[in-house]
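# 3D model of this:
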Amino acid sequence: MSENNTQQEVKKKIIKHKKLSRIYYTGENHYIFPGFELKNSKVMTIYNMWGAVVIIGAIITTIPFLWMIISSLIPMQLMFVPVGDLLKNITFDFSYFQKAWEITPFVKYFLNSLLVALSVVAGQIVISAMAAYSLSKLRPPAHQFLLLLFLSTIMIPFETISIPLYLFMRDFSIAYIYKINLVNTYWALILPGLANAFNIFIFKSFFDKLPDDFIEAARVDGYSETSIFFRIILPISKPIITVIAILNFVQIWNSFFWPLIVVNEPQIYTLMLGIYKIIEEGQPWNVIMSAVTISMLPTIILFVLFQKQIMKGVIFTTLQE
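Numbers count the residues shown, from 1 in each chain. Next up, the predicted model:
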């Protein structure tokens with residue numbers, strides 16, 4: 001069997017696999033209940049009540065964000081007055097955004113956060129996907145125990161391991177010979193986040209649902225496991241990769257506790273640390289809210305641009321049979 005024939009066979013199996021899960025991948029199933037059950041009045045009542053609960057929850061969740069945005073546009077004397085007095089005397093002033101931008105090197109902090117977030121997300125995807133592929137398709141000895149061991153780390157609060165992790169970064173050693181102090185470096189922000197047990201679990205659940213036929217065909221034709229992983233597995237894992245990448249990017253972008261511990265040099269502050277320093281300086285709350293609003297723009301834009309991919313990835317992963 002030639003290499004071209006093998007690639008064509010693999011592509012056909014991938015297309016067949018996607019067609020079998022088309023209703024989930026394309027998001028065509030929009031309802032909790034099938035369409036014929038929605039004709040039942042009781043089911044429709046439950047469906048409407050569920051929708052009302054979701055809408056109320058969305059409103060409650062949105063209120064703090066609206067207060068943050070409004071607080072970034074109004075004078076200090078109007079921030080803590082009753083709603084009625086606020087509506088009567090409300091005036092919007094965008095100069096607070098300019099002041100927040102000027103008193104803080106936002107560009108530097110933004111680039112630092114972007115570098116850390118992208119590096120961690122890229123490392124998480126490669127490392128977690130490789131580990132999950134090994135557990136799912138290669139099945140090394142005691143692979144179930146290894147997965148349970150990985151998942152058990154999720155139950156350990158990060159605050160519990162923060163001090164040992166700090167000491168490890170301070171006395172980071174290569175082969176227990178050469179020690180390097182990684183505190184106040186980008187490495188201290190990047191390395192601890194590269195391994196993520198939850199991502200391994202999600203990737204493994206996704207890989208378990210993939211058929212083994214095209215993997216076996218590639219192995220018969222002489223493909224190495226590395227080639228199979230990078231040329232076959234990763235390309236068809238785009239839905240779940242998108243979900244994991246975006247969710248982890250937001251988490252790393254908003255990270256505050258760990259950077260506060262290992263970073264003391266202003267030139268490598270992340271955006272969250274920069275905002276914390278604004279609070280320490282005693283800046284007015286409307287300026288602080290303006291800075292927080294600016295810091296949220298990248299994550300909001302990310303969700304707006306990739307919301308369809310996120311929903312497709314979640315549905316494709318959770319509902320695929």
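# ok, so what distance separates T185 from E265?
9 Å (Cβ to Cβ, to the nearest Å). Every residue, glycine included, has its C-beta placed from N, CA and C.
# compare neighbour counts for those two and give me the winner.
Using other Cβ atoms under 10 Å as the criterion, T185 and E265 rank with T185 on top: 17 against 9.
# which one is the more buried one nearest to, not counting chain neighbours?
I268 (7.2 Å; Cβ to Cβ, 6 or more residues apart in numbering).
# surely I154 is within a strand?
No: assignment of I154 by DSSP: H, G, I helix; E, B strand; the rest coil gives helix, placing it outside any strand.
# which helices and strands does the helix or strand hosting S290 pack with?
Assigned by DSSP states H and E, S290 belongs to helix 285-319. Secondary structure elements in contact with helix 285-319, counted by 3 or more Cβ pairs under 8 Å, 6 or more residues apart in numbering; DSSP states H and E, are helix 22-25, helix 41-71, helix 95-103, helix 106-133, helix 197-208, helix 238-253, helix 271-280.
# any stretches of this structure with poor pLDDT?
Low-confidence segments of the chain, defined by pLDDT under 70: 1-39, 175-176, 312-321.
# most centrally placed residue in it?
L247 (1.6 Å; Cα atoms, centre = their mean).
# ok, it - contacts?
By Cβ atoms under 8 Å, 6 or more residues apart in numbering, the contact set of L247 is empty.
# can you tell me how far it is from A117?
Distance, L247 to A117, using Cβ to Cβ: 12 Å.
# now the residue nearest to the centre of the chain: how far from P239?
L247 sits 13 Å away from P239, going by Cβ to Cβ.
# check I310 too.
9 Å.
# between those two, which has more neighbouring residues?
P239 (23 against 17).
# and T226, how many neighbours?
Using other Cβ under 10 Å, the number of residues around T226 comes to 9.
# which secondary structure elements does the helix or strand encompassing it contact?
Per DSSP H and E: T226 is located in helix 225-228. Using 3+ Cβ pairs under 8 Å, 6+ apart as the contact test, the elements touching helix 225-228 are helix 213-220.
# can you rerun that using 10 Å?
When contacts are defined as 3 or more Cβ pairs under 10 Å, 6 or more residues apart in numbering; DSSP states H and E, helix 225-228 packs onto helix 106-133, helix 213-220.
# out of these, deepest packed?
Highest mean neighbour count among these (mean count of other Cβ atoms under 10 Å): helix 106-133, with a mean of 19.
# could you find the closest non-adjacent residue to I279?
That would be I288: by Cβ to Cβ, 6+ apart, it lies 5.9 Å from I279.
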